[in-house]
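# Sharing a model prediction with you, sequence too.
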Amino acid sequence: MSNSLFAFIHVTLPQWIAWHLPRRVVLFASIRCAAHASSGEWSNQIIPELTAMDAVNRWENRVSV
């Protein structure tokens, strides 16, 4: 697979889809991500101190059920 096709499939296409999702879907996805990042082993997390990058990193490193 060429580098440009790889970049399109793994970066450009998902980014285009994300920008065209309905706002309500994005809202609920962000709520789900924040809820995940402040539950379980992070249940003592103070929500106003939770950064977006911490929430994303916790979501990316989650164990799939």
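Structure received.
# can we go C-alpha only for contacts and neighbour counts from here?
Fine.
# Can you pull out the low-pLDDT segments for the chain?
Per-residue confidence of the chain (counting by pLDDT under 70) places the weak regions at 1, 63-65.
# let's see it at 50
Low-confidence segments of the chain, defined by pLDDT under 50: 65.
# Scan it for its longest helix.
Of all the segments of type helix in the chain, defined by DSSP state H, the longest one is helix 23-37.
# Tell me which residue is most central in the chain.
Taking C-alpha atoms, centre = their mean, the centroid of the chain lies closest to residue 56, which sits 4.8 Å from it.
# Sticking with that one, tell me its helix or strand.
helix 52-60 (DSSP states H and E).
# other SSEs contacting that helix?
Helix 52-60 is packed against helix 23-37, with contacts defined by 3 or more C-alpha pairs under 8 Å, 6 or more residues apart in numbering; DSSP states H and E.
# Packing partners of the helix it packs on?
Helices and strands touching helix 23-37, as assessed by 3+ C-alpha pairs under 8 Å, 6+ apart, comprise helix 52-60.
# so the helix it packs on versus helix 23-37, what angle?
With axes from the mean of the first three to the mean of the last three C-alpha atoms, to 10 degrees defining the directions, helix 52-60 sits at 80 degrees from helix 23-37.
# My read is that the residue nearest to the centre of the chain contacts residue 33, right?
Yes. Residue 56 is in contact with residue 33 according to C-alpha atoms under 8 Å; the separation is 7.1 Å.
# rewinding a little: neighbouring contacts of the longest helix of the chain?
For helix 23-37, the external contacting residues (C-alpha atoms under 8 Å, 6 or more residues apart in numbering) are 54-56, 58-59.
# Among these, which one lies nearest to residue 3?
Proximity of the contacts of helix 23-37 to residue 3, judged by C-alpha to C-alpha, is greatest for residue 56, which lies at 26.2 Å.
# how far away is the closest one from residue 14?
Relative to residue 14, residue 56 is positioned 16 Å away (criterion: C-alpha to C-alpha, to the nearest Å).
# next one: residue 32
Relative to residue 14, residue 32 is positioned 19 Å away (criterion: C-alpha to C-alpha).
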